[in-house]
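**Q** following is a predicted model, sequence given first.
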There are 2 protein chains.
Amino acid sequence: MAKTMTQPAKPGSRARLIRPCPPETLAAFGQAAECLKALAHPVRLRMVQLLLQGRYTVGELAEDCAVPDNVASENLRLMQRCGFLASERDGRRVYYHVAESHLKNIMTCIEERFLTRSK
Amino acid sequence: MAKTMTQPAKPGSRARLIRPCPPETLAAFGQAAECLKALAHPVRLRMVQLLLQGRYTVGELAEDCAVPDNVASENLRLMQRCGFLASERDGRRVYYHVAESHLKNIMTCIEERFLTRSK
DNA sequence: TTGACATATCGTAAGATTACGATATACTAG
DNA sequence: CTAGTATATCGTAATCTTACGATATGTCAA
């Protein structure tokens, strides 16, 4: 029933309390949703938590999170694709690090909500 | 290669830089991931943005987001299930509102990152 | 009651996500 | 070069998510 109601409210219709969401806003939220999805995974959250305090190799992160190296690699590249992380090779190893300053704020919000008792 | 390496580092092995992630932390991040997924959707983000400034009915939110009522309803209930929203019926209408104080902080982080120019 | 409105739920099909094993690439030590 | 280490990629199957249309429930007005 909210299909194509964009007229200025006909006499008998319910009062229009809100304007339709501007397309730019929905588009921006589309981007935001992509990035949130990249974060919405227990292993990836843990990786970000570690990487916020320094750089680590794929193998180190894999070991901490108890997942195979290729799974760690896939998750790290996912976060790299959306701009959260960057990597640099050092010999055989590849070090990942945080490449998006806002990650710290977002992670702090998440930790405040989920990593403290009192529900 | 990070399969079951929990021994105290044998002589020839690479230095252990990090301890394995405590299971409680991974569990907490599992919860956090669930909630982030509930947020990781353009329409749901828009709904939260609106609901942070007041209460709205399913139909109003559906119209603003340009989705059918049943889709709006499904998305709202999803966020209700994970504790972000609550609802109250008023006659035929059902009003939703924010039920989790941390939502404001998280949404502010997201808006700062995605709803401002400069990339 | 009947009919209309507002919201919710259900079944389903299309599409996305995930982890896995196998393989490929990159690099280094010997 | 060869073998071994570290990371990345690919194909696949199992699982989840999403939106949709149809139907159900709840409420009010006549």
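**A** Arrived safely, thanks for sending. Numbers count the residues shown, from 1 in each chain, chains lettered A, B, ... in the order given.
**Q** any idea which element the residue nearest in space to the middle of chain A lies in?
**A** In chain A, the residue lying closest to the centroid (CA atoms, centre = their mean) is A:L36, at 2.9 Å. Using DSSP states H and E, the element containing A:L36 is helix A:23-39.
**Q** next, the angle helix B:23-39 makes with that helix.
**A** Put simply, helix A:23-39 runs at 160 degrees to helix B:23-39, going by axes from the mean of the first three to the mean of the last three CA atoms, to 10 degrees.
**Q** is helix A:23-39 positioned near DNA strand D?
**A** No: Helix A:23-39 lies out of reach of DNA strand D by CB under 7 Å from any atom of the strand, never closer than 7.9 Å. From N, CA and C alone the C-beta is placed, and that goes for glycine too.
**Q** quick one, grab the pLDDT at A:T116.
**A** Looking at A:T116, its pLDDT reads 84.
**Q** likewise for A:F29?
**A** 97.
**Q** before we move on, back to that, wait, the residue nearest to the centre of chain A touches B:P42, no?
**A** No: with contact defined as CB atoms under 8 Å, A:L36 does not reach B:P42; the gap is 10.2 Å.
**Q** who does the helix or strand following the helix holding A:L36 touch, helix- and strand-wise?
**A** As assigned by DSSP H and E, the chain's next helix or strand after helix A:23-39 is helix A:42-51. The helices and strands touching helix A:42-51, judged by 3 or more CB pairs under 8 Å, 6 or more residues apart in numbering or on different chains; DSSP states H and E, are helix A:23-39, helix A:58-65, helix A:69-81, strand A:93-98, helix A:102-114, helix B:23-39.
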